[in-house]
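J.: how does the following fold in three dimensions:
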Amino acid sequence: MAVLTMTEDDVLQVLPKVDVFSTVESMFGALGRGEALQPKQVQTLFPGDKGDFINYTGVWMSAGVYGVKTSPFIIQEKGYTVTAWTLLMSTETGKPLLLVDSSRLTLERTAATTAVAVKYLAKADAKRLAVIGTGPQALAHIRYVSGLRKWESIRVWSLNAHELSEERREQFLKAGNGALEFVDSKEKALEAADVILLCTSAACPVVSAKDIEGAPLITSISTNAPGAHEIDPAMLASMDVYCDCTEATATVAGEMKLAIKDHSWKPEDVKGDLGALVSGKCEKPAYDKPVFFRSIGQGLEDVAVALAVYKEMKGE
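T.: Residues are numbered from 1 along each chain as shown. Coordinates of the predicted model:
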């Protein structure tokens with residue numbers, strides 16, 4: 001049996017035809033109803049401080065598939081290399097359906113997952129969006145959340161914003177639908193923000209409690225560098241905390257591990273995850289304190305988008 005193999009170029013041709021947001025939202029709904037299973041990711045360190053690789057697995061039983069994505073973080077003399085490949089399998093035949101380069105799919109499913117969180121966790125009247133970061137994830141996040149609220153302002157800042165080409169700036173401005181502006185400080189970006197999207201590759205906090213006004217929704221993705229986190233772990237104790245999958249995230253995310261270690265926070269304090277939110281099984285925030293949503297990237301997200309591109313390629 002020949003296994004369909006898709007390169008990144010193949011993915012880029014198919015992707016415009018795939019509704020990644022709805023696919024990810026539907027998958028989390030299935031997870032909340034018990035129709036899917038999300039094991040914890042497994043991180044393995046390479047010998048000699050050369051990096052690591054993470055295996056992300058998931059079973060979407062009601063869709064008839066399971067899969068595994070393997071993603072290495074390879075430290076080199078200058079910088080690092082990250083790749084990702086997903087193997088999609090049938091739960092009915094036990095045979096492989098697809099092997100796909102997941103580099104672009106990881107970008108899309110990560111941003112789509114944050115967007116699902118914004119849909120369910122941001123205040124209905126949220127108007128001011130702040131984005132910290134100007135890399136591919138920041139742009140993808142803006143694309144996915146731009147239509148979820150009536151944004152009056154989208155303020156974007158990063159340490160490297162001045163290095164953006166005019167073409168890249170135009171891509172951001174287009175994604176922001178006329179509401180986006182680049183600002184010259186983190187403070188300006190965060191001022192009176194209703195939603196704050198942290199889209200950096202930082203391995204240490206980029207925001208602390210003193211940076212936050214009121215009770216915004218703050219989302220974080222971080223990177224797969226060991227222990228990476230984008231907020232001060234001490235902030236967790238004074239926030240309503242949600243995540244992509246409680247069982248898989250609450251003891252893995254960097255700031256959560258550190259907060260657990262110093263006894264300032266515990267996994268049981270998570271108010272809910274996307275499965276519970278989409279399926280209506282947990283309460284939304286009262287917005288009397290900041291709200292924090294943390295995603296680490298789940299195998300089910302990879303399974304869902306791999307299935308969506310597989311169906312598109314097969315004309316199903």
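
J.: what stretches of the stretch 1-150 of the chain score poorly on pLDDT?
T.: 1 (pLDDT under 70).

J.: contacting residues for the spatially most central residue of the chain?
T.: What sits nearest the mean C-alpha location of the chain, by CA atoms, centre = their mean, is Thr110, with 3.3 Å. Taking CB atoms under 8 Å, 6 or more residues apart in numbering, we find Thr110 in contact with 137, 140, 221, 295, 297, 301. No exception for glycine: its C-beta is placed from N, CA and C like everyone else's.

J.: burial count for the second one?
T.: Burial of Ala140, expressed as a neighbour count using other CB atoms under 10 Å, amounts to 22.

J.: and the contacts of the strand or helix carrying it?
T.: Assessed by DSSP states H and E, Ala140 sits inside helix 136-145. Outside helix 136-145, the residues that touch it by CB under 8 Å, 6+ apart are 20-21, 107-108, 110-112, 114-115, 118, 129, 131-132, 154, 156, 158, 168, 171-172, 175-176, 180, 195, 197, 199, 221.

J.: which of those residues fall within helices?
T.: 20-21, 107-108, 110-112, 114-115, 118, 168, 171-172, 175 (DSSP state H).

J.: before we move on, the earlier item: so for the helix holding Ala140, what gets flagged as buried?
T.: Going by neighbour count (16 or more other CB atoms under 10 Å), the buried part of helix 136-145 is 137-145.

J.: residue ranges of the strands in the stretch 201-316 of the chain, please?
T.: With DSSP state E, counting those that start in this stretch applied, the stretch 201-316 of the chain shows strands at 217-220, 240-243, 270-273, 291-294, listed in chain order.

J.: could I get the ones you listed as TSV with mean pLDDT and distance to Ala228?
T.: TSV is the format used below for these (pLDDT from 0 to 100; distance: least, CB to CB, whole Å):
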stretch	mean pLDDT	distance to Ala228
strand 217-220	98	10
strand 240-243	98	15
strand 270-273	97	19
strand 291-294	98	11
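
J.: sorry, back to before: which among the contacts of helix 136-145 end up buried?
T.: Buried members of these, scored by 16+ other CB under 10 Å, are 20-21, 107-108, 110-112, 114-115, 118, 129, 131-132, 154, 156, 158, 172, 175-176, 180, 195, 197, 199, 221.

J.: pLDDT at Ala225, what is it?
T.: Looking at Ala225, its pLDDT stands at 69.

J.: coming back round to it: now the strands of the stretch 201-316 of the chain in TSV, with distance to Gln38 and mean neighbour count?
T.: Below are the strands of the stretch 201-316 of the chain laid out as TSV (distance: least, CB to CB, whole Å; neighbours: other CB atoms under 10 Å):
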stretch	distance to Gln38	mean neighbour count
strand 217-220	19	26
strand 240-243	11	25
strand 270-273	9	23
strand 291-294	15	28
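
J.: and Lys40, what does it touch?
T.: Counting by CB under 8 Å, 6+ apart, Lys40 has contacts 247-248, 252.

J.: which of the residues you listed lies closest to Arg149?
T.: Nearest to Arg149, judged by CB to CB, of those is Ala248 at 27.8 Å.

J.: okay, now the closest one: neighbour count?
T.: 22.
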